[in-house]
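Enquirer: Let me see the structure of the following:
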Amino acid sequence: MDKKNTLKMIADITNANGTSGFEDLVVNELRKYSSDLGIIKEDTLRNLYVYRKGNKGNRPIVQLDAHSDEVGFMVQAIRPNGTLQIIPIGGWINSNIPAHKVWVRNSEGEYILGITSSKPPHFMTEKERRNPLDICDITVDVGATSKEEATDKFKIRIGEPICPTVSFEYIDEHDLMIGKSFDCRLGCASIISTLKELENVELNVDIVGATASQEEVGVRGATLTTNIVKPDIAIVFEGCPADDTVVPEYEIQTAIKKGPMLRHIDSKMITNPRFQRFALDLCKKNNIPVQESVRRSGSTNGAAIHLSNKGVPTIVIGIPVRYAHTHFGISSYEDYANGVALACEIIKNLNVDVLNNF
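Expert: Sure thing, here's the model as predicted:
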């Protein structure tokens, strides 16, 4: 895998603005980087499908999944003072929201700069200082001084998406990627990298890469992709929350720089144990570093995929992301590369007999 070109792809895909339902710019980047990998299709939810060039038909189908949306906000109303009342899109902790730059899309499709804002401490009562922020206490300020100016000059309208303003960076010395939307644009890039790595490999299965919209608001896109692809087996790539800075050492199961994470369970899926062990055995055989986790909460597109059609054996290859569902994430390129390597080994070792054992 060409590291320089892969990092450029990751930068372009993660920098693209695309909250749930507004993934258009992300899809444009995915199309660009998938253009020579096979037949590309799209549906009305902005789900993107890449049918591998080497597919022959009448073989088991592997669905490679990731979601293209990111957490963000939407303009709910414009207040008389020109600030924007917002609602969250996806799961946020309110204390992480204020004092960051964001992009606000206006009626002309232009993204304009704004600041997430809250009442300064100088004007807070003692009760307000003690109590946690409510989302209703957080606005976006684009610099307008009235509702009329926000509407007429800034061209703001309700229903428009708002995204964090972050540019991807890679720190080579420490193998660190820093940027936004790693949940799950790292997964989208992983699909493309996997297809590239397998481009000239003879397989016993067909592959369809499917980047799904609207995962952050209830795995909506994947509910459609799995019914269109009708996979026999699925690999879900996910930018999963790293726990190595927030739990006791003995509980750490998703650390950066320790390899991809394979989860046994989350709130919406018990991973097919036979497929899971198959993947873990391949990691051991091929010296791919891997982590295992047991999750009390959270979910992925696997929730929709594994229950679709007649049932689909599904695993999640998670790329650890510190501070997921905030403006900034920290991940390791090596974890990304090892996640792709694992997906490739799984696919190369799949055939009808193996699938029948799952």
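Enquirer: Need the three-state assignment for I115.
Expert: Following DSSP: H, G, I helix; E, B strand; the rest coil, the label given to I115 is strand.
Enquirer: Kindly tell me how buried the closest residue to it other than its chain neighbours is, as a neighbour count.
Expert: Among residues not flanking I115 along the chain, D141 sits closest, at 5.0 Å (C-beta to C-beta, 6 or more residues apart in numbering). Backbone N, C-alpha and C define where each C-beta goes, glycine included. D141 sits with 16 neighbouring residues when counted by other C-beta atoms under 10 Å.
Enquirer: what about D141, distance to S118?
Expert: Between D141 and S118 the computed distance is 10 Å (C-beta to C-beta, to the nearest Å).
Enquirer: ditto for T165
Expert: Using C-beta to C-beta, T165 is found at 18 Å from S118.
Enquirer: Repeat that for R322.
Expert: Going from R322 to S118 by C-beta to C-beta gives 24 Å.
Enquirer: One more: V27?
Expert: Distance of V27 to S118, given as C-beta to C-beta: 33 Å.
Enquirer: got it, and G311?
Expert: For G311 relative to S118 (C-beta to C-beta), the value is 47 Å.
Enquirer: So which of the two has more stuff around it?
Expert: S118 (17 against 11).
Enquirer: I'd assumed C136 was in contact with that one.
Expert: No. Counting by C-beta atoms under 8 Å, S118 does not reach C136; the two are 10.4 Å apart.
Enquirer: quick one, phi psi at K310?
Expert: Main-chain dihedrals, K310, degrees, to the nearest 10: phi -100, psi 20.
Enquirer: meant to ask about I178, not that
Expert: Backbone torsions of I178, given as degrees, to the nearest 10, read phi -130, psi 130.
Enquirer: what about it, neighbour count?
Expert: If we define neighbours as other C-beta under 10 Å, then I178 has 18 of them.
Enquirer: For the nearest residue to it once chain neighbours are set aside, give its distance to N5.
Expert: Nearest residue to I178, sequence neighbours excluded (C-beta to C-beta, 6+ apart): E169, at 4.7 Å. Distance, E169 to N5, by C-beta to C-beta: 17 Å.
Enquirer: likewise E251?
Expert: The value you get for E251 to N5, if C-beta to C-beta is used, is 37 Å.
Enquirer: Which positions in stretch 282-291 come out as buried?
Expert: Within stretch 282-291, the residues that count as buried by 16 or more other C-beta atoms under 10 Å are L282, C283, I288, V290, Q291.
Enquirer: How much space separates the fourth one from P320?
Expert: What it means is V290. Taken as C-beta to C-beta, the span from V290 to P320 is 11 Å.
Enquirer: What of the third one?
Expert: When distance is defined by C-beta to C-beta, I288 is 15 Å away from P320.
Enquirer: Distance from the helix or strand of the chain with the lowest mean pLDDT to the middle of the chain?
Expert: Least confident helix or strand, the chain: helix 126-130 with a mean of 88, by mean pLDDT, DSSP states H and E. Taking C-alpha atoms, centre = their mean, to the nearest Å, one finds helix 126-130 lying 36 Å from the centre of the chain it belongs to.
Enquirer: what's the following helix or strand after that helix?
Expert: Downstream of helix 126-130, the first helix or strand assigned by DSSP states H and E is strand 139-141.
Enquirer: which residues sit against that following strand?
Expert: For strand 139-141, contacts defined as C-beta atoms under 8 Å, 6 or more residues apart in numbering pick out 73, 75, 79, 82-86, 102, 104, 114-118, 162.
Enquirer: Quick one, which of these are buried?
Expert: Buried, going by 16+ other C-beta under 10 Å: 73, 75, 82-86, 102, 104, 114-118, 162, out of the contacts of strand 139-141.
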